[in-house]
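S.K.: Show me how the following folds:
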Amino acid sequence: MSNAIEKTMEKKPRLTTSAMIASIAGEGQRTQPAPFGHALAAEADVRRNIVGMTADLSKYTDLHIFAQAHPQRFFQMGMAEQLLMGAAGGMAKEGFIPFATTYAVFATRRAYDFIHQVIAEEHLNVKICAALPGLTTGYGPSHQATEDIAMMRGIPGMTIVDPCDAIDTEQAVGAIAAHDGPVYMRLLRGKVPAVLDDYDYTFELGKAKLLRDGKDVLVISSGIMTMRALETAKLLDDGSASVGVLHVPTIKPLDEATIIEQCSKPGRLVIVAENHSAVGGLGEAVASTLMRARVTPEFRQIALPDRFLDAGALPTLHDRYGISSAVMVENIKQWIG
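M.R.: As a prediction, the model looks like this:
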């Protein structure tokens, strides 16, 4: 290395974080550290047949918390996602409850056939917990799992969970551990916002929950978009619009009865908001449910576009692709204007 390059490097401050991998928490928002890891470690104290497995990503899926608490039940499979899913299926056949963690892109794209054939076809009791769902990293299409729900929805018997925050994640861990069958859960990791405890909320597998009512707009949302919907509703409380929020943490099986009931109320714009491609996710699931029930409200969708997304800082990308609360506010004002 030349002296000139060394001097240049010395002048530049070392970055300790990156907006491309930044927390999804807003400034000053209350958070909880590693809710998945702590909840799984606690659940494993009770369920002695829980094992934790990962593909070289324990630190980045918060599974290291489980590994510290239960080292004899932790399995590091290396960077081999297909092996991870195959081994998880084998563990389930022996009576264990494997929680297999990796990034969502690797679980769905690299290991899809193993999930489909080894786990789902035999209805094995494997819980796939996948970090970085949707647009929760700025590292471009290689790490942005914008189509993971669409892929998993197509697998018969697969339960799909998309938690909103730390409270949702904690409670979902126990619920999916108690559920008999394969589960795909989108995983929020690190310092995760905690918002649902302000809404008297309890996670129930397969159930949607009305967090707040509104006479002008109903936002049906899952995952981090429920946080954004609640933020948007509060911003519009200035007299611009009365916005209700229906949180749908379980995307499959879908709580069709509650969705139909809420969408049957007259005079409301219905918006589905999701951190996923507009193709194959919650929006299409809700739309087909309403069509079959012959319920026809005015309908809009807030979702990621059907294309490969840019790399960059998360706040910039969320604004660019319309899933920030600021852009949601402006869109809703236009739609009801």
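S.K.: remind me, longest strand of the protein?
M.R.: strand 269-277 (DSSP state E).
S.K.: Can you give the distance from that strand to the centre of its chain?
M.R.: The chain centroid and the centroid of strand 269-277 are separated by 13 Å, computed with Cα atoms, centre = their mean, to the nearest Å.
S.K.: From start to finish, how long is stretch 184-197 in a straight line?
M.R.: One end of stretch 184-197 to the other measures 24 Å (Cα to Cα, to the nearest Å).
S.K.: those strands in this structure, which residues are they?
M.R.: 31-33, 50-54, 74-76, 97-103, 127-131, 159-161, 183-187, 191-193, 209-212, 217-221, 243-247, 250-252, 269-277, 299-304.
S.K.: sorry, back to before: partners of the longest strand of the chain, with directions?
M.R.: strand 217-221 (parallel), strand 299-304 (parallel) (DSSP bridges).
S.K.: Deepest in the core, which of those strands is it.
M.R.: Mean neighbour counts were compared across those using mean count of other Cβ atoms under 10 Å; the top stretch is strand 217-221, at a mean of 26. Where C-beta positions appear, they are placed from N, C-alpha and C, glycine not excepted.
S.K.: who touches that one?
M.R.: Contacts with strand 217-221, where a contact means Cβ atoms under 8 Å, 6 or more residues apart in numbering, come from 208, 228-229, 232-233, 236, 241-248, 259, 262-263, 265, 268-274, 282, 286, 297, 332, 336.
S.K.: That one to strand 243-247, inter-axis angle?
M.R.: Using axes from the mean of the first three to the mean of the last three Cα atoms, to 10 degrees, the direction of strand 217-221 lies 20 degrees away from that of strand 243-247.
S.K.: For the remainder of this discussion, apply numbering that starts at 134.
M.R.: Yep, numbering from 134; the last one is strand 350-354 now.
S.K.: can you tell me the average pLDDT over the longest strand of the chain?
M.R.: The average pLDDT for strand 402-410 rounds to 98.
S.K.: what's the answer for stretch 176-188, then?
M.R.: 98.
S.K.: Straight-line length of that stretch, end to end?
M.R.: Span of stretch 176-188 from end to end, Cα to Cα: 21 Å.
S.K.: Would you indicate which residues of that stretch are buried?
M.R.: With burial defined by 16 or more other Cβ atoms under 10 Å, the residues of stretch 176-188 counted as buried are 176-177, 183-188.
S.K.: returning to that earlier point: okay, the strands of the chain in CSV with distance to Ala172 next?
M.R.: Listed next are the strands of the chain as CSV, based on distance: least, Cβ to Cβ, whole Å:
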stretch, distance to Ala172
strand 164-166, 10
strand 183-187, 11
strand 207-209, 16
strand 230-236, 10
strand 260-264, 11
strand 292-294, 13
strand 316-320, 11
strand 324-326, 11
strand 342-345, 19
strand 350-354, 22
strand 376-380, 19
strand 383-385, 17
strand 402-410, 21
strand 432-437, 28
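S.K.: Tell me which of those sits nearest to Ser275.
M.R.: strand 230-236 (9.7 Å; Cβ to Cβ).
S.K.: Give me the distance from that closest one to the chain's centre.
M.R.: With Cα atoms, centre = their mean as the basis, strand 230-236 stands 15 Å off its chain's centre.
S.K.: same thing with stretch 281-299?
M.R.: 9 Å.
S.K.: With mean pLDDT added, can I get the strands paired with strand 402-410 in TSV?
M.R.: Converted to TSV, the strands paired with strand 402-410 look like this (pLDDT from 0 to 100):
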stretch	mean pLDDT
strand 350-354	98
strand 432-437	98
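S.K.: between those, which one is nearest to Gln215?
M.R.: Closest among the strands paired with strand 402-410, once you apply Cβ to Cβ, is strand 432-437, at 26.6 Å.
S.K.: Could you tell me how far that closest one lies from the centre of the chain?
M.R.: Per Cα atoms, centre = their mean, the centroid offset for strand 432-437 relative to its chain is 17 Å.
S.K.: what's next to stretch 177-187, contact-wise?
M.R.: 173, 176, 191, 194, 196, 199-200, 202-203, 206-210, 217, 220-221, 224, 228-235, 310.
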